[in-house]
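>>> this one's structure only:
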């Protein structure tokens, strides 16, 4: 039987985003989330599963003897001379059976970055030069943070990049990385105020989730910063509506918003994934705010999917699956 450290290394070799250690009546199921799909890794005895969880909790400075109450923890694991951050979350069910989920946070250099339509990356780089507020939407695991980090990384070392996240998802030594801690009074709003005193050139905001954070993000962009952030919306057009719901006046939206990008990770026939974006620019915002244009996914999105089918990059079924975003 491999040691727990060897077991963890075998999993990381597959580059998963998450590890699930889930209890069943007579065994534990270990599953890995890889490229958006949850895949079974192996079944182990209940005794082995419980000891593996205890080992991981010990590494993360969690209470090993506590099996019912929710706990959070973190530690670094060295694999192939790289430090990988592990974020742990454990909880026990009503029968006292403990489950554990781990999020693997890889160095930015190890993350594959590929666009289904290459010129979309060029457009994002052009938008970056205009400063202002650039927002990204899409479901969890769509690569939004990776896209923002790649955009900001190209500005180093001539510009200072400060990130505010909950939690930090990618470790980058060139950025000033702040993490939200509500219990310590360090929310997005307070960290943004603190960040402005550091006078960075670029802000990365993990999530604009309330009116205060939205207002501070707009203020930072109006004062000349490049602000990259994520926001919950079902499509690019929905980002505008969401900002209005958070109390941002249409006048300021037209002044400060440079671009919006809704993105998904599209599975390719070769087993890899590629980012596809649906982007809006300033002119399209004006049409939307004036009520002359409404919609969900753009024609460009549909055409990109169809072109990928014709190029043999994705299947017809994949194109249908992602047609509505």
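Received, thanks. These numbers were taken from a predicted model, which means no experiment stands behind them.
>>> I'd like the next helix or strand past the helix or strand bottoming out on mean pLDDT in the chain.
Ranked by mean pLDDT, DSSP states H and E, the weakest helix or strand in the chain is helix 282-289, scoring a mean of 75. Helices and strands here follow DSSP states H and E; after helix 282-289, the next one along the chain is helix 299-310.
>>> re the thing from before, any buried residues in the least confident helix or strand of the chain, and which?
Of the residues in helix 282-289, 282, 284, 285, 288, 289 count as buried by neighbour count, 16 or more other C-beta atoms under 10 Å. Just so you know, the C-beta spots here come from the backbone N, C-alpha and C atoms, and that holds for glycine as well.
>>> Dump the residues you listed to JSON lines, plus distance to residue 205.
Formatted as JSON lines, those follow (distance: C-beta to C-beta, whole Å):
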{"residue": "282", "distance to residue 205": "20"}
{"residue": "284", "distance to residue 205": "22"}
{"residue": "285", "distance to residue 205": "19"}
{"residue": "288", "distance to residue 205": "22"}
{"residue": "289", "distance to residue 205": "22"}
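>>> Give me the contact list for the least confident helix or strand of the chain.
237, 240, 250, 253, 254, 257, 258, 259, 260, 280, 293, 294 (C-beta atoms under 8 Å, 6 or more residues apart in numbering).
>>> Of those, which is the most crowded?
Compared across the contacts of helix 282-289, residue 260 has the highest neighbour count, 28 neighbours, by other C-beta atoms under 10 Å.
>>> Enumerate every residue touching that one.
134, 135, 136, 137, 236, 239, 240, 279, 280, 285.
>>> repeat that for 10 Å
With contact taken as C-beta atoms under 10 Å, 6 or more residues apart in numbering, residue 260 is in contact with 127, 133-137, 231, 233, 235-240, 243, 277-281, 284-285, 288.
>>> Out of those residues, name the ones that lie in helices.
If you go by DSSP state H, the contacts of residue 260 have 127, 236, 237, 238, 239, 240, 243, 284, 285, 288 in helices.
>>> wouldn't the second one be in contact with residue 276 here?
No: with the criterion set as C-beta atoms under 10 Å, residue 236 and residue 276 do not qualify as a contacting pair; they are 12.0 Å apart.
>>> Burial check on the residue lying closest to residue 301 once chain neighbours are set aside, number of neighbours?
The shortest distance from residue 301 to any non-neighbouring residue, by C-beta to C-beta, 6 or more residues apart in numbering, is to residue 278 (4.5 Å). The tally of other residues near residue 278 (other C-beta under 10 Å) stands at 24.
>>> Make sure residue 278 is actually in contact with residue 323.
No: assessed by C-beta under 10 Å, residue 278 is found out of contact with residue 323, at 11.6 Å.
>>> Show me whatever sits in contact with both of these two.
In contact with both residue 278 and residue 323: 297, 301, 302, using C-beta under 10 Å, 6+ apart.
>>> all strands of the protein, in order?
Using DSSP state E, the strands of the chain run over 18-23, 27-34, 37-45, 71-79, 82-92, 98-105, 132-137, 161-165, 176-179, 202-205, 226-230, 257-267, 273-281.
>>> For residue 120, find the nearest of those strands.
Shortest distance between residue 120 and the strands of the chain, using C-beta to C-beta, is found for strand 273-281: 4.8 Å.
>>> So which elements touch the closest one?
Judged by 3 or more C-beta pairs under 10 Å, 6 or more residues apart in numbering; DSSP states H and E, strand 273-281 is in contact with helix 118-129, strand 132-137, helix 144-153, helix 236-245, strand 257-267, helix 299-310.
>>> what are the pairing partners of the second one, and which direction each?
Put plainly, it is strand 132-137. Using DSSP bridges, the strands paired with strand 132-137 are strand 226-230 (parallel), strand 257-267 (parallel).
>>> any idea how far the shortest one is from the chain center?
Between the centre of strand 226-230 and the centre of its host chain there is 13 Å, according to C-alpha atoms, centre = their mean, to the nearest Å.
>>> Need the residue closest to the centroid of the protein.
Residue closest to the average C-alpha location in the chain (C-alpha atoms, centre = their mean): residue 145, at 4.2 Å.
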